[in-house]
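*Asks:* Test case, fold it:
(2 chains)
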Amino acid sequence: MIGSHSQTMQPRPLALNTSALTHSSGSSVARLGGTAAVAGIRAEILHARNIPEPPAIDLDAPDTDDPSAPLEPDFALPIVVPNIEIAGAAPGLVAGQAPSSRAQALAARVLSLLHLTRVIRASDLRITRKAVNEDGEEEEVLAGYWVLYIDVHVISADGNVFDAIWFAILGALRNARLPRAAWNSDSESVICDADPASLRPLRLRGNPVAASFAVFEPALEKGLRDEKGVWVLNDPDGFEEGYFHLLDYLTAFLFEHRFDI
Amino acid sequence: MMADRRRINGPAGTAPPSYAINTSDLEKLRPSRNRRPEELRKIFLKTGVTPPASGSAYLELQSPTYDLPVKSVLPPASALKISCAVHGPKPLPRSAPYNPQLVLSTHVKFAPFATRHRRGYIRDSTERDLGAHLENALRGIVIGKRWPKSGVDVIITILEGEEDRWWGDEVSGGTTGLGVVGGWGMMNVLAGCITVASAALVDAGIDCVDLVCGGVAAILPSPDSKDNQTQQSITVLDPSPPEHPEIQAACVVGYSASRDEITELWLKGDSGAATEQLIDSAVAAAVATRAVMVEAMSETALSKFPEADIKSAFPSADAVMSG
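*Replies:* Numbers count the residues shown, from 1 in each chain, chains lettered A, B, ... in the order given. You can find the predicted model right below:
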């Protein structure tokens, strides 16, 4: 191999550093060889009165750890908002413009995979309050949601950007801490507890790991038409992505002895 | 406003969380400076963080630790974290008019999570302003004539900015209301941008006459001058705005030490007769930053040319650091 790999199935060294950012609820920096991504999660509050069409949710429904359970209806609302900034991370990625199609594709993929893996629990993001219903009984109703703005800045794009982004996001989610939020009937709004002891982590469902592979078919390259065989590379670096005619990109997700592609 | 269809948008009407804080505890949460007036926060500077770029650097200021009697989830102050990538020199597009000089373009953007209030995705006026100031500072050291018909992009991402004031003063209206355009925190951000961009330019191998370092100083009204109007004030280097309930004036310089030149100067507030002294203090802060920069640069040089005799290549290195 000419890239930074010694083996086709060996990923580059991964380093994860968490909770470095002051103004985030959770943050992490992931380095995968020469690729680096910084993820920061900002939690904001969406009051129930600001939801024009609230999704039909059952607050009494039991919470499940099963990642194959159907997606909670809460996620019909955009309460998990990932965005990727990749400008400046590699030559040709111009800064100061609208997100490139690559950045848009990455963000869309992150969002669909966050939903698909069910890693975030809707019940962690709900803020509830007690209210008296028509029959005079006290019941629990939705006061609002925590909205997670997950912003990822790719500092260095040296191949396999997606895996670095995913590791950074997972690292940030795992150390995210939300304050205790309670309904204040005087101000008719959600007020949070400033005591650091009230912070609670998100109860993530499993720990899905991304592993991307690239397929390289030499016969498609100029001057290599007689080459037989197909190569599968794990964690391709910038050189391998840029110079090889990559046929396809596959991302496998491994969680709880299950493969999802 | 129309939703941006190229980004994933959150629901309309979200707000940052409001916290319940006991007003009697509020002042106990205020951070205060625990460094000497002439002491800077520790600086971490490293080059080569973005391998695909021709040059890059990362700068971080040490987060100060405060011994506060009451703990809160709201951070008392933040620490600057800036990443810079330099792309080029590269040929200008064919459509560009002939230019005998290197075209320097600077681009500064805050990450959405960089400040206490979530930042937007589109560059705002503060960020464009910072970019213009930075360009000024760098233009003074880059030897543009060596790269005709070429352009270089300096792209800065601010991962964590400096606060304009302590959060407790935000509602009560403390810290002089002068900080309308950008506020005091911008001064420190600009100084950091100048230092990190200069390091990245060197890492990219772009010919420069010298390093340029950013330095900030501020004039604070003396704590006991409030009653007797003696106008006694003190000057501090590298001020962290949340640590000071009031700032009278602040100054940031881009200073090139071996030529003794100021390439960028930004003064804000009412410094009165002490203007010259304030600028001198900012230069002193820049000189102190330079020691860190020279150290980082010699590390960069060593990693690029392991055989070279770095000590003789940086004759000023020892002199600066010992001074």
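*Asks:* who touches residue 198 in this structure?
*Replies:* The chain I'm using is chain A. Contact analysis of A:Ser198 by CB atoms under 8 Å, 6 or more residues apart in numbering or on different chains lists A:Pro179, A:Arg180, B:Val73. From N, CA and C alone the C-beta is placed, and that goes for glycine too.
*Asks:* oops, I was thinking of chain B
*Replies:* Residues near B:Ser198 by CB under 8 Å, 6+ apart: B:Leu138, B:Ile141, B:Cys208, B:Leu211, B:Val212, B:Cys213, B:Met293.
*Asks:* Of the contacts of A:Ser198, which is the nearest to A:Gly34?
*Replies:* B:Val73 (35.6 Å; CB to CB).
*Asks:* The closest one: which element?
*Replies:* For B:Val73, there is no host helix or strand (DSSP states H and E).
*Asks:* Whichever helix in chain A runs longest packs against which elements?
*Replies:* Ranked by residue count and defined by DSSP state H, the top helix of chain A is helix A:101-116. Helix A:101-116 is packed against strand A:80-85, helix A:161-174, with contacts defined by 3 or more CB pairs under 8 Å, 6 or more residues apart in numbering or on different chains; DSSP states H and E.
*Asks:* Same list, the ones you listed, but as CSV with mean neighbour count please.
*Replies:* What follows is those, written out as CSV (neighbours: other CB atoms under 10 Å in any protein chain shown):
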stretch, mean neighbour count
strand A:80-85, 24
helix A:161-174, 25
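*Asks:* Can you get me a residue count around B:Thr235?
*Replies:* By other CB atoms under 10 Å in any protein chain shown, 22 other residues sit near B:Thr235.
*Asks:* and of the helices and strands packed on helix A:101-116, who's closest to A:Asn50?
*Replies:* The minimum distance between A:Asn50 and these falls on strand A:80-85, with 15.1 Å, by CB to CB.
*Asks:* does any bit of that closest one sit next to chain B?
*Replies:* Yes - Strand A:80-85 lies within reach of chain B by CB under 8 Å from any CB of the partner chain, at A:Val81, A:Pro82, A:Asn83, A:Glu85.
*Asks:* Isn't the first one up against A:Trp146?
*Replies:* No - in this structure, A:Val81 is not within contact of A:Trp146 by CB atoms under 8 Å, at 11.4 Å.
*Asks:* what's the weakest-modelled helix or strand in chain A?
*Replies:* Across the helices and strands of chain A, mean pLDDT, DSSP states H and E gives its lowest value to strand A:258-260, namely a mean of 42.
*Asks:* How confident was the prediction at residue 111?
*Replies:* If you meant another chain, say so; for now it's chain A. Per-residue confidence at A:Leu111 stands at 94 (pLDDT).
*Asks:* You answered for a different chain; I wanted chain B.
*Replies:* We have a pLDDT of 93 for B:Ala111.
*Asks:* ok, the nearest residue to A:Arg109 once chain neighbours are set aside - contacts?
*Replies:* Nearest residue to A:Arg109, sequence neighbours excluded (CB to CB, 6 or more residues apart in numbering or on different chains): A:Phe162, at 6.9 Å. Neighbour list for A:Phe162: A:Leu106, A:Arg109, A:Ala210, A:Ser212, A:Thr251 [criterion: CB under 8 Å, 6+ apart].
*Asks:* The second one: how many residues sit nearby?
*Replies:* Counted with other CB under 10 Å, residues neighbouring A:Arg109 total 16.
*Asks:* Contact partners for the closest residue in space to B:Ala53 that isn't next to it in sequence?
*Replies:* Sequence neighbours aside, B:Ala85 is the residue nearest to B:Ala53 in space, at 4.0 Å (criterion: CB to CB, 6+ apart). Neighbouring residues of B:Ala85 by CB under 8 Å, 6+ apart: A:Gly88, A:Ala89, A:Ile155, A:Ser156, B:Thr50, B:Ala53, B:Gly55, B:Ser56, B:Val154, B:Ile155, B:Ala200.
*Asks:* let's see 6 Å
*Replies:* Counting by CB atoms under 6 Å, 6 or more residues apart in numbering or on different chains, B:Ala85 touches A:Gly88, B:Thr50, B:Ala53, B:Ser56, B:Ile155.
*Asks:* How about A:Gly238?
*Replies:* A:Asp158, A:Gly159, B:Pro52.
*Asks:* Likewise for A:Ala168?
*Replies:* Taking CB under 6 Å, 6+ apart, one finds A:Ser28, A:Ala30, A:Ala37, A:Ala39, A:Val152 in contact with A:Ala168.
*Asks:* What strand or helix carries the fourth one?
*Replies:* Read that as A:Ala39. Secondary structure (DSSP H and E) places A:Ala39 in strand A:35-47.
*Asks:* Enumerate the positions of that strand that are buried.
*Replies:* A:35-47 (16 or more other CB atoms under 10 Å in any protein chain shown).
*Asks:* Do a quick rundown of the strands in chain A.
*Replies:* With strands called from DSSP state E, chain A shows them at A:14-18, A:26-32, A:35-47, A:80-85, A:126-132, A:138-156, A:177-178, A:181-184, A:189-193, A:200-201, A:209-216, A:231-234, A:246-255, A:258-260.
*Asks:* Next: chain B.
*Replies:* B:14-15, B:18-20, B:43-47, B:55-61, B:81-91, B:103-110, B:150-160, B:213-221, B:233-237, B:249-256, B:261-269.
*Asks:* hmm, the shortest one touching chain A?
*Replies:* Yep, that's strand B:14-15 we're talking about. Yes - residues of strand B:14-15 contacting chain A under CB under 6 Å from any CB of the partner chain: B:Thr14, B:Ala15.
*Asks:* Which residues of the stretch 101-250 of chain A lie near chain B?
*Replies:* Contact residues (CB under 6 Å from any CB) of the stretch 101-250 of chain A with chain B: A:104, A:107, A:111, A:147, A:151, A:153, A:155-156, A:158, A:179, A:191-192, A:194, A:196, A:238.
*Asks:* of those, buried ones?
*Replies:* A:104, A:107, A:111, A:147, A:151, A:153, A:155-156, A:158, A:179, A:191-192, A:194, A:238.
*Asks:* Any residues of the stretch 151-300 of chain B in contact with chain A? List them.
*Replies:* B:Ile155, B:Thr157, B:Leu159, B:Glu160.
*Asks:* Skip the chain neighbours and tell me the closest residue to the first one.
*Replies:* If you skip the residues right next to it in sequence, B:Ile155 has A:Gly88 as its closest partner in space, 3.4 Å away by CB to CB, 6+ apart.
*Asks:* Give the residue spans of chain B that score low on pLDDT.
*Replies:* Residue ranges of chain B with pLDDT under 70: B:1-3, B:171-182, B:223-231, B:308-323.
*Asks:* Longest helix of it, counting residues only.
*Replies:* helix B:275-304.
*Asks:* Next, the angle strand B:55-61 makes with that helix.
*Replies:* 130 degrees (axes from the mean of the first three to the mean of the last three CA atoms, to 10 degrees).
*Asks:* Measure how helix B:275-304 sits relative to strand B:261-269, angle-wise.
*Replies:* Per the same axes, to 10 degrees, the angle that helix B:275-304 makes with strand B:261-269 is 130 degrees.
*Asks:* Relative to the whole chain's centre, how far out is helix B:275-304?
*Replies:* How far helix B:275-304 lies from its chain's middle: 13 Å, per CA atoms, centre = their mean, to the nearest Å.
*Asks:* What of stretch A:187-206?
*Replies:* What separates the centre of stretch A:187-206 from the centre of its chain is 20 Å, taken as CA atoms, centre = their mean.
*Asks:* Quick check: end-to-end length of it?
*Replies:* End-to-end span of stretch A:187-206 (CA to CA, to the nearest Å): 38 Å.
*Asks:* try stretch A:220-239
*Replies:* Termini of stretch A:220-239 sit 17 Å apart (CA to CA).
*Asks:* Thanks again, I'm all set now.
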